[in-house]
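Q: Predicted model, plus sequence, below.
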Amino acid sequence: MFKSIKLFFYLSSILFLTISCGENLQDIVIECADGNKIDQKEYEKITKFISDEEIEIFNENGKLIDKKLVAYMVNIYLKENLPISEKDIWQLKSSAPKTQSFNLNVFVENSASMDGYVAGVTEFESAIYNLLGDFKINGITNQLNLNYINSSIRSHKNDALSADIQDFILRLEPTTFKQRRGQAGNSDMQKIINSVLTTVDEKNVSVLISDFVFSDPSGAESQQYLTNQGVGIKINFAEKLQNFNLSAIVIQLESSFSGTYYDKKITPITLPTNTKRPYYIWILGSTSQIQTILDSKILDNIKGGYLNRLVMSKIKQESNPNFKILINPKIGEFSAEGLDKKIIFDAEPSDKSNNKGLFGFDLAVDFSSSMQDKKYFLDKNNYRLSNTSYNLTTKTINDPNNISLKGFTHIIHLETKKIQDGPLKIDVIGNTPNWVYNSTSMDDSNIQTDAEEQKKTFGFKFLMEGINDAFYPKTNPNTINSLTVTIKK
Amino acid sequence: MIDFFASLYEWFGLNPFYRTDFGELLRGYDATCTGYIDSPWYSYIGMIMIILTSLIYAFQYHIIDSSGFNKKKHWWLMSLVIISLNFFIAFIIPFNIIQSSNYCTSLNVAVVDCLGFGFSNAIWSFILFLLISTPPIFRKLSHNCRETTFYRP
Amino acid sequence: MARLYIFAIGGTGSRVLKSLTMLLASGIKPNSNKEFEIVPIIIDPHKSNDDLKRTERLLGNYQAISEAAGHTNGFFNTKITTLDKLVSSENRLAKSFTFNLQEVGGKKFKEYIDFNQLDPSNSALADILFSGKSINKSGEEVNLLDVEMDIGFVGNPNIGSVVLNQFKDSEEFKEFASNYNEEDRVFIISSIFGGTGAAGFPTILKNIRDAMNNTNINGNMFLQDAKIGAISVMPYFNIESDPESPINKSDFISKTKSALYYYKDNVTGNNSINALYYILDEHNGNPYENDPGDNGQQNNAHIIEMISALSIIDFLEIPDNELETLNGKASRPIYKEFGIRKDSHDVILPDFEDKTQNKIGLNLSQLALFRKYLSENLTKSVEKQPWSIGEPQLNKMFFEQSFYNTNLKDFMNRFGEWLTELSINNRGFSPFNLDSTLDALVKGKTVKSGWLSKNVDYTLYDDTLNSKSKGRSYSSSEQKLLSLFFESSEEILKSKFGF
């Protein structure tokens, strides 16, 4: 009888041990949250647990990626309603080289076609004024040098103060503009761009503001002219790219325009007062300078907002943004087992009536570190798939309360009728985005009455394609970001 | 080990009592939908099922070990206890998780899955009790229950 | 194996033999290196004597049981053999224990001694010797000479001695003598106050010692020097006084005295006997029914008979060298009496001295426990408990076969009857509460109880049976039944009752 009691107690104790041994990562992470701060000791306790338990989910190439772990921890705290965010978690300070500060050279095109943008108080004026003011305040720039440009560059003020900025742009009226025009003439786009391009170096970033409307000085307005311009621009940029790590931001904005528009034949057309017309801000600089500007979020806060934004950059190597395969929603079936290793096991098509034979899954991707505008990733033309039987659609993540999507910016949905074993490579490529084509006008003669035309820029695509070709030659793969998912049936 | 228990409870894919997403939760898919880094409930509940069933078997056959508690109706009574306990444990653990929303909410799970899992665990515990007590290898060590099985005396 | 030939003479002989059978069934054995096989020989002309019939039936059951189960199981572990294994004779019913007295049935004594052929002087002598009155089968008064002998000698040893003398010329005696070995022993049970016994004891004794002179047998030295023990049972019961009956109580004392005188010269005085046991008890208790014959004389079992049976056990414990006999004479005859610790009217086990208690207490209680289980709990546990299910199976079919259903069950009923009779007699012997719960079975022994210890009930009994049978192998179901219950009852009594 006593032997049995001993056995009984042995088994009971095993039972209780099993239950109590149930400490998992989540428990440890929550445990360390006392004081609403994670100090070095606690952080290292967590990393030790991860290595003891051989948890590999936060690893890349065998090494623990702190960013992933921190993202996970922040998610847990959000779920538990603990007020701990990224900044409360101890992190090894990375010795990132500080970017040298640079000068900002601003060039506002002031050919006659630009007068309409400064008549009265326009969005054009206030947006640029605030932008320049932000640059000044932010402290990432040294000197702010203000210039006008049409057939030649005309410096207005070097090392401008805020009063100078006001004078430069806010207080503009067509008359003042005209005064400061100098020799009026028609803008040769290529020349203008190139002059600005040459001022760009390690210490100087250039901002070019214009409506970028092409006009052939000869008045011929032939297709050939546009093409030639495009090629010329392409060559300029390509040359620059050869020995300089150039990046370019192109922002499309909208402003009220009251005044004269000069069409392709340089025929003046008076547009209705306060017609909404597009204009563009270009920022040219080195990749790190452009990155600094983007990181400062100045461009996101442009007064009145902007329509579109494009960033072009010399590709050093393709980056692999953080992404995860979502377990749901899915079309068909697959196992959750390999998802953290980016492998979809046991993929099976759906047998439900509305989706019969289809296989589909979602990826949550973190494009926040990309220089590209968020909307860039919504255009499926900007993607290239290794397996063309897949159909790709994307959307941005808008739900801040969904902790499973925390730390990701976009959802990519992939669907196919034919499952094949093997890797699926999803590339984000450098491309002329759709909005460029939508904003291009090929014939602006009816602009006075055609509301659609009023929103467009004549010959814009030639300009943009030219630059694009310089940054992303058609012969190169031009992969900016790449994700690889392995499918196994 | 978790795969062993998983295939057991999922009946080797043949007749699932609950949805596959629920199975992911039980494998330890964590609340942030990151991966299998949460508690592997399959293993825990599986181990508890094995140990609890063995304990109750040992309790009847070797600790109580009485000639007044060795008929087949007593075996069936104990199996009822085993089935109920194991059903309850397998039900209540994921039920609490679901009720407190402490799981990856993209998974399609519901209380009915907990019931299904409870049934699965109950059935396995019954089978285990059957397997332990039917061949004479263990019960022959008992004094009074060495002939007690589900079909006699 | 050595044999003990028991001559059980008369009604007392049958009853003592019955008690001995009960004791042997419970596993009581003499404490000696020598194993003895018992050969009972009942000598009683009163064939319809109920006691005789009962004893015979009992012996038959015992034999059947022990033959089927063997002799190493605790219970029934002494071999009892019938005379027919030794002798074949037309004089006897095949396979019975009784020696059939010749020419007794339906004959008057007068005819037996050929009275009418006697010459005048002999017939006058006979008249004197056999004067007096007796009653015949129909209850009428007759002269002694006219008495019909198939109801025994109705308390007349003078007739008995004449008739029983035929024993020495019988086939049985011849075979007995020729089979008798040096290691064997003889025991004679008789009452000193009865008819058959009083006469038979010295007659048989003389016939054995006189063996060398017996032309009927091949001179067997062993028989002359046989180790012979005997118990002479003196008055211990009362009978109703009945003026119609030739038997009356006051004659008991006078007959005892005259028999003792005879023994002084012919039994004890001449060293014929190696060991002589005496026993008696006050005889003022409940009177028996005064029934001389024909289907009568069924007396309730008495404690004296049981104690007398114990003398046989004692005799077997005496080592050979103390029973030395030369030329038909015992070198150092032994004489014994029996004492009790407490003179109670209803004797229970603690009333005996330690030696007796140790001898009979545990074993009798074991048999009582065995009986109790079989009658009260068997049906509940058969085919339900491991001891019943395990091989060899003790299943329903087994219990319907003759081993249990006829022999053992019958034996147990007799045993129960015997215990009941003993308890209602005066002086009574009632060591058990036969109808109580298990824990109150043995009087004078309180069951150890406590907070942690289990109750003495059938659950405990079954538990013990199951434990004892675990991992054991048995040669047959019968053997299993006996040895398992022997061991289990022993375990329960020792651990719970304080034996």
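A: On my side now, so go ahead. Numbering: from 1, shown residues only, chains lettered A, B, ... in the order given.
Q: Spell out the residue ranges of the helices in the chain.
A: Here I'm looking at chain A. Secondary structure of chain A by DSSP state H: the helices cover A:2-20, A:25-31, A:40-52, A:66-79, A:123-138, A:162-165, A:174-179, A:189-198, A:223-243, A:287-295, A:434-438, A:451-454, A:460-471.
Q: Chain B is the one I meant
A: In chain B, the helices defined using DSSP H lie at B:2-9, B:20-27, B:41-58, B:72-99, B:111-133, B:136-139.
Q: What ranges in the stretch 201-350 of chain C fall below the confidence cut-off?
A: Low-confidence segments of the stretch 201-350 of chain C (pLDDT under 70): C:216-220, C:239, C:244-249, C:283-298.
Q: Kindly recompute the last result at 90.
A: C:201-204, C:206-225, C:234-270, C:280-300, C:326-328, C:345 (pLDDT under 90).
Q: Can you give me the pLDDT of the residue lying closest to C:Gly390 once chain neighbours are set aside?
A: Spatial nearest neighbour of C:Gly390, excluding adjacent residues (Cβ to Cβ, 6 or more residues apart in numbering or on different chains): C:Ser469 at 6.0 Å. For glycine as for every other residue, the C-beta is placed from the backbone atoms N, C-alpha and C. Note on C:Ser469: pLDDT of 94.
Q: Surely C:Ser469 is in contact with C:Ile389?
A: No: here C:Ser469 lies out of contact with C:Ile389, judged by Cβ atoms under 8 Å, at a distance of 9.8 Å.
Q: Tell me which of those two has more neighbours.
A: C:Ser469 (24 against 19; other Cβ atoms under 10 Å in any protein chain shown).
Q: Next one: that one from chain A, what distance?
A: According to Cβ to the nearest Cβ, to the nearest Å, C:Ser469 and chain A sit 18 Å apart.
Q: Next, give phi and psi for the residue of chain B found nearest chain C.
A: At 3.3 Å from chain C, B:Ser67 is the closest residue in chain B, using Cβ to the nearest Cβ. B:Ser67 adopts backbone torsions of phi -70, psi -10, taken as degrees, to the nearest 10.
Q: How many residues are close by it?
A: Neighbourhood size, B:Ser67 [other Cβ under 10 Å]: 24.
Q: Over to A:Lys178?
A: 13.
Q: got the contact list for A:Ala119?
A: By Cβ atoms under 8 Å, 6 or more residues apart in numbering or on different chains, the residues touching A:Ala119 are A:Glu173, A:Pro174, A:Phe257, A:Ser258, A:Gly259.
Q: Which members of those residues occur in strands, if any?
A: Under the assignment DSSP state E, these contribute A:Phe257 to strands.
Q: from the contacts of A:Ala119, which is closest to chain C?
A: Distance to chain C across those (Cβ to the nearest Cβ) is lowest for A:Phe257, with 103.8 Å.
Q: Was I right to think the closest one contacts A:Leu271?
A: Yes: if you go by Cβ under 8 Å, A:Phe257 and A:Leu271 touch, sitting 6.1 Å apart.
Q: returning to that earlier point: ok, of the contacts of A:Ala119, which come out buried?
A: A:Pro174, A:Phe257, A:Ser258, A:Gly259 (16 or more other Cβ atoms under 10 Å in any protein chain shown).
Q: Among the residues you listed, which one sits closest to C:Asp51?
A: Nearest to C:Asp51 among the buried ones among the contacts of A:Ala119: A:Phe257, at 145.1 Å, using Cβ to Cβ.
Q: before we move on, the earlier item: deepest of the helices of chain B, which one?
A: Highest mean neighbour count among the helices of chain B (mean count of other Cβ atoms under 10 Å in any protein chain shown): helix B:20-27, with a mean of 23.
Q: Please save the CA atoms from that helix in PDB.
A: Output of helix B:20-27 as PDB, limited to C-alpha atoms (Å, rounded to 0.1, in the frame of the first residue of the first chain):
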ATOM      1  CA  THR B  20      -7.300  24.100 -38.100                       C
ATOM      2  CA  ASP B  21      -6.900  27.600 -36.800                       C
ATOM      3  CA  PHE B  22      -7.800  26.400 -33.300                       C
ATOM      4  CA  GLY B  23      -5.100  23.700 -33.800                       C
ATOM      5  CA  GLU B  24      -2.600  26.600 -34.500                       C
ATOM      6  CA  LEU B  25      -3.500  28.200 -31.200                       C
ATOM      7  CA  LEU B  26      -2.900  25.000 -29.400                       C
ATOM      8  CA  ARG B  27       0.400  24.600 -31.000                       C
END
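Q: That one to helix B:111-133, inter-axis angle?
A: Here the directions of helix B:20-27 and helix B:111-133 differ by 60 degrees (axes from the mean of the first three to the mean of the last three Cα atoms, to 10 degrees).
Q: Remind me what helix B:20-27 packs against, helices and strands.
A: Applying 3 or more Cβ pairs under 8 Å, 6 or more residues apart in numbering or on different chains; DSSP states H and E, one finds that helix B:20-27 contacts strand A:323-331, helix B:2-9, helix B:41-58, helix B:72-99, helix B:111-133.
Q: Among these, which comes closest to C:Ile65?
A: Across these, C:Ile65 has its closest neighbour in helix B:72-99 (33.4 Å, Cβ to Cβ).
Q: now the closest one against helix B:20-27, angle please.
A: Angle, helix B:72-99 to helix B:20-27, by the same axes, to 10 degrees: 100 degrees.
Q: chain center to helix B:72-99, what's the gap?
A: The chain centroid and the centroid of helix B:72-99 are separated by 7 Å under Cα atoms, centre = their mean, to the nearest Å.
Q: ok, now stretch B:33-48?
A: The chain centroid and the centroid of stretch B:33-48 are separated by 15 Å under Cα atoms, centre = their mean.
Q: Thanks a lot, catch you later.
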